[in-house]
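Asker: Return a 3D structure for these sequence lines:
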Amino acid sequence: MNIGTGSATVVSVLLYVVVVAVFLYALYYVVRAAVRDGIRLARERDSDEPRGGGPH
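Answerer: You can find the predicted model right below:
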């Protein structure tokens with residue numbers, strides 16, 4: 001079986017696609033965790049503020 005230049009190109013493209021997919025997968029979870037923490041902090045901040053009609 002002779003592996004030529006075409007096979008090397010296919011393998012390198014597949015490797016590139018896999019690396020990009022793993023990076024985007026990790027980035028998705030980082031952003032999701034940041035949004036979750038931001039929502040949690042905003043809810044904590046809102047619950048600390050008194051629920052009045054505002055300054056008079």
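Asker: ok, Leu41 - how many residues close by?
Answerer: Neighbourhood size, Leu41 [other CB atoms under 10 Å]: 10. Yep, even glycine has a C-beta here, placed from its N, CA and C like the rest.
Asker: scratch that, Arg36 is what I was asking about
Answerer: Quick note: Arg36 (other CB under 10 Å) scores 10 neighbours.
Asker: Tell me the spacing between it and Ser12.
Answerer: For Arg36, the distance to Ser12 equals 37 Å [CB to CB, to the nearest Å].
Asker: Give me the distance from stretch 33-42 to the chain's centre.
Answerer: Relative to the mean C-alpha coordinate of its chain, stretch 33-42 is positioned 14 Å out (CA atoms, centre = their mean, to the nearest Å).
Asker: Can you get me a residue count around Val11?
Answerer: For Val11, the neighbour count with other CB under 10 Å is 11.
Asker: where does it land on pLDDT?
Answerer: For Val11, the pLDDT comes out at 92.
Asker: Please report phi then psi for it.
Answerer: phi -60, psi -40 (degrees, to the nearest 10).
Asker: Please report how far it lies from Val18.
Answerer: The gap separating Val11 from Val18 is 11 Å, by CB to CB.
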